[in-house]
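Chemist: Build the 3D model from these lines:
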Amino acid sequence: MSNSVSMNTSIQYAANLYNVREVTLHGTADLSFWQAVLEKEGLLPYHEADEAVLLLSAIDAKWRGFKFKEFVIAVGVCNTEDGTSLDGYYLPRAFNSSKLLAFSERAFFKTPYFHGNIRLQNGIPAFIKLQDKTEVLLHAKMSIPDTSPMVEDLEWRGPIFLPNKRGKFFAILAGEAEMYPFSSEVDTFDIKPSTDHEIFKQLIESNFTGSVWVLRNKARHAKSKTYSRYFDGG
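Modeler: This next block holds a predicted model:
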């Protein structure tokens, strides 16, 4: 989670958000499944203990006075076949609570954003809830923890790769984080397959399992414009 990719300072960020409220569930899934998915995208998976690494993240933020919520699903990628370094993320699907912002993301940045009803709480017990029209596609909720969190100032910088080789953008995710272990026995994690969004079927088929909750109250989220896949940040 604390891995960071060094990037040239010439990258310009189109959006720089501060005081972002964030709930992220990090987890693992079947490595061979995501190897096959990423191979079609010309990417290699980052893995830990022979498991692919994913994150499901919801934020509550404000941009230029406009309040919105966002939910993203991302898969860790590595520049080399050994899969030992988190060199970026692949973004198969994302949602925004604003129809206008979701449309703008698709139209101007080529990103796979869709409109969704997003709810989150980054206090205890934290939860994420995503609804598409009338269906609840995902509901993840933390139980009341019986131990104090690990607190650490985390920062990650790196490329985010888009589906169908449409390019990539660069992101900064930073801020003091409270980390709690995910418990499959008492925490809630429910997902439902969707004909409109293949990613939820993929999470089920690859046996996604939560590992760590990360909560931030005042995170920084920055995002660049979309570059070609081969842009190196120079």
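
Chemist: buried set for the one helix or strand in the chain whose mean pLDDT sits lowest?
Modeler: In the chain, no helix or strand scores lower on mean pLDDT, DSSP states H and E than helix 99-109, which sits at a mean of 94. Neighbour-count burial for helix 99-109, counted by 16 or more other Cβ atoms under 10 Å, picks out 101-102, 105, 109. For every residue, glycine as well, the C-beta is placed using N, CA and C.

Chemist: In the sheet, which strands lie alongside the helix or strand following that helix, parallel or antiparallel?
Modeler: Remark: after helix 99-109, the chain's next helix or strand is strand 113-115, criterion DSSP states H and E. Partners of strand 113-115 in the sheet, by DSSP bridges, are strand 88-96 (parallel).

Chemist: quick one, the partner strand and helix 99-109 angle?
Modeler: Orientation of strand 88-96 against helix 99-109 (axes from the mean of the first three to the mean of the last three Cα atoms, to 10 degrees) gives an angle of 140 degrees.

Chemist: Need the pLDDT of the nearest residue to Gly42 once chain neighbours are set aside.
Modeler: Sequence neighbours aside, Lys165 is the residue nearest to Gly42 in space, at 6.3 Å (criterion: Cβ to Cβ, 6 or more residues apart in numbering). On pLDDT, Lys165 comes in at 94.

Chemist: Pull the number of nearby residues for Pro92.
Modeler: 22 (other Cβ atoms under 10 Å).

Chemist: And it, how far from Ile199?
Modeler: 5 Å (Cβ to Cβ, to the nearest Å).

Chemist: How about the contacts made by Lys201?
Modeler: Residues in contact with Lys201 (Cβ atoms under 8 Å, 6 or more residues apart in numbering) are 193-194.

Chemist: would it count as being in a helix?
Modeler: Yes: judged by DSSP: H, G, I helix; E, B strand; the rest coil, Lys201 forms part of a helix.
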